[in-house]
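*Asks:* sequence and predicted model, in that order:
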Amino acid sequence: MSIPSSRAIWDIAWPIMLSLAAQSVINITDTAFLGRVGEIELGASAIGGLLYTTLFMVGFGFSTGVQILIARRNGEKNFLAIGRIFDNSFYFLGLTSLIIIWGVYNFGPALLKPHISSPAVFEASSKFLIYRIFGLFFASSCLLFRSFYTGITFTKYLSMSSLLMAGINVILAYALIFGKWGLPPLGIEGAAIASVISEACALIFFIFITRKNKILSQYSLFQWVKPDLAIIKSTLGISGFVMLQYVLSLGSWFVFFMFIEKMGERSLAVSNIIRSLYLVLMIPGWAFCSVVSTLVSRFLGEKRPDLVMPVILKIITFSAITMGLILAIAALFPRIIISVFTNDPSLIEATVPSYYIILGALFLFAIMSILFNGVLGTANTNFALGIEAITLFVYLSFAWLIAVRLQLKIEYVWTSEFIYSTLTGLLSLWYLKKGNWRMKII
């Protein structure tokens, strides 16, 4: 197999973009609707949502490892192994998510309380989290399906599930937050309930469409044999480091927002808008990250390590051009785009400086993250965890200095993202040039 053409890369990437967009639509919808309820609800959904997302990263990290394994087995043409990996991963993710749900439901508010200085923000964040956590089982299961379809480079169903989940979430969030069509106005709790229902519907779609497609029968999914601890252990050998990496990454963003919360409710509201914009605008970049880790693992499965660096460089170019165009357009209409998330003129103006900072950071991240996901694709996930740990220590130290010690404006705090992207990219590039990854067997 030669390096995929730009068309082939795009055909794999765009359904992944839509899949990622669906999860972002949930965040956008919460931010846009709750921004019209009040600044307290807007800030509280950021904190509650970040803690949920940090826990969600347990499943995301595990499923990323599953995707790497499935891509490797797909390159080896070992299709039966893919089904065994999928089924055993479902057992693991299902049990893990249920344990987390139980823990957060009983102890979540106690975890939040020491870190939030505003009583109003604490109460609203706790309400959001208690309802939102029930979506973890459905969301984790959907991640597993996404890993399967991305790993075999058959991604068209991802876009269908995305449209379904996003559409249901927007309609239900509008109805439940504001009390439309005879439903009670639930505010921040309504946002969480709508998200849970939309994720459940997406999972039902995945199960139905996967069982219906006869072409997928060669992978022997849904055999529901006795759990194979050896397969789960080998999967964790790859996924465990990725899980820790993503939990550290999102956990650091939670700490980052705790720094900002101490700057006041306005800074927190600004940062929630910036967070939502970041998650939306980075969707194409994350899709290309998923593509590069899949193709790198597939080429290694085909015993073609010589194609790894060329495909990474090609996807970097693709990502840079795509993100450059998107960010250039976004730079022209800052207030219009920000107004999607709030109708408060003073909050819009307060957000504009941070908006421009994050546009520059996103372009850099779109390049450097491709290098990092190339490292993930080699299955040297322990080294990737080391890169993340070093980078996050420097990142949080810088953010603490700017936000807490020096107490500078919120836009200066967001320059931390440049530190993160630069250090991640440089360490990843060093490893890809010097590291012994070409003959790793998984």
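*Replies:* Cool, the structure landed.
*Asks:* could you point out which element follows the helix or strand bottoming out on mean pLDDT in the chain?
*Replies:* The weakest-scoring helix or strand in the chain, judged by mean pLDDT, DSSP states H and E, is helix 6-34 (a mean of 68). Downstream of helix 6-34, the first helix or strand assigned by DSSP states H and E is helix 39-76.
*Asks:* what is the distance between that next one and the centre of its chain?
*Replies:* A distance of 5 Å separates the C-alpha centroid of helix 39-76 from that of its chain, computed with Cα atoms, centre = their mean, to the nearest Å.
*Asks:* helices or strands up against the helix or strand just after that helix?
*Replies:* With elements assigned by DSSP H and E, the helix or strand that comes after helix 39-76 is helix 79-112. On a contact count with 3 or more Cβ pairs under 8 Å, 6 or more residues apart in numbering; DSSP states H and E, helix 79-112 meets helix 39-76, helix 119-132, helix 136-151, helix 229-261. Backbone N, C-alpha and C define where each C-beta goes, glycine included.
*Asks:* select, out of those helices, the one closest to residue 276.
*Replies:* helix 39-76 (8.4 Å; Cβ to Cβ).
*Asks:* what is the mean pLDDT for the closest one?
*Replies:* For helix 39-76, the mean per-residue pLDDT is 77.
*Asks:* start at 12, not 1
*Replies:* Shifting the count to begin at 12 puts that one at helix 50-87.
*Asks:* buried sites along it?
*Replies:* For helix 50-87, the neighbour count (16 or more other Cβ atoms under 10 Å) marks 50-86 as buried.
*Asks:* got it, and stretch 114-128?
*Replies:* By 16+ other Cβ under 10 Å, the buried positions in stretch 114-128 come out as 115, 119, 120, 123, 126, 127.
*Asks:* can you list contacts of it?
*Replies:* Residues outside stretch 114-128 that contact it (Cβ atoms under 8 Å, 6 or more residues apart in numbering) are 58-59, 62, 66, 133, 136-137, 140-141, 144-145, 269, 272-273.
*Asks:* and which of those residues is nearest residue 210?
*Replies:* Nearest to residue 210 among the contacts of stretch 114-128, counting by Cβ to Cβ, is residue 145 at 9.3 Å.
*Asks:* surely that closest one and residue 112 touch.
*Replies:* Yes. The pair residue 145 and residue 112 passes the contact test of Cβ atoms under 8 Å, sitting 6.3 Å apart.
*Asks:* circling back to that earlier point, dump the buried residues of stretch 114-128 to a markdown table, plus pLDDT.
*Replies:* Below are the buried residues of stretch 114-128 laid out as a markdown table (pLDDT from 0 to 100):
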| residue | pLDDT |
| --- | --- |
| 115 | 84 |
| 119 | 75 |
| 120 | 79 |
| 123 | 74 |
| 126 | 66 |
| 127 | 73 |
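*Asks:* can you add distance to residue 431 and give those back as JSON lines?
*Replies:* Shown next, in JSON lines, are the buried residues of stretch 114-128 (distance: Cβ to Cβ, whole Å):
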{"residue": "115", "distance to residue 431": "27"}
{"residue": "119", "distance to residue 431": "27"}
{"residue": "120", "distance to residue 431": "30"}
{"residue": "123", "distance to residue 431": "24"}
{"residue": "126", "distance to residue 431": "21"}
{"residue": "127", "distance to residue 431": "24"}
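*Asks:* ok, those residues vs residue 403, which is closest?
*Replies:* residue 126 (17.5 Å).
*Asks:* about what we covered before: could the contacts of stretch 114-128 be laid out in TSV, adding distance to residue 20?
*Replies:* Below are the contacts of stretch 114-128 laid out as TSV (distance: Cβ to Cβ, whole Å):
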residue	distance to residue 20
58	37
59	36
62	35
66	32
133	45
136	40
137	43
140	38
141	42
144	36
145	37
269	38
272	40
273	43
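*Asks:* what's the farthest-apart pair in these?
*Replies:* Farthest apart among the contacts of stretch 114-128 by Cβ to Cβ are 145 and 273. That separation is 30.0 Å.
*Asks:* now the farthest one out in the protein, which residue is it?
*Replies:* Centroid-distance maximum for the chain: residue 193 at 34.2 Å, with Cα atoms, centre = their mean.
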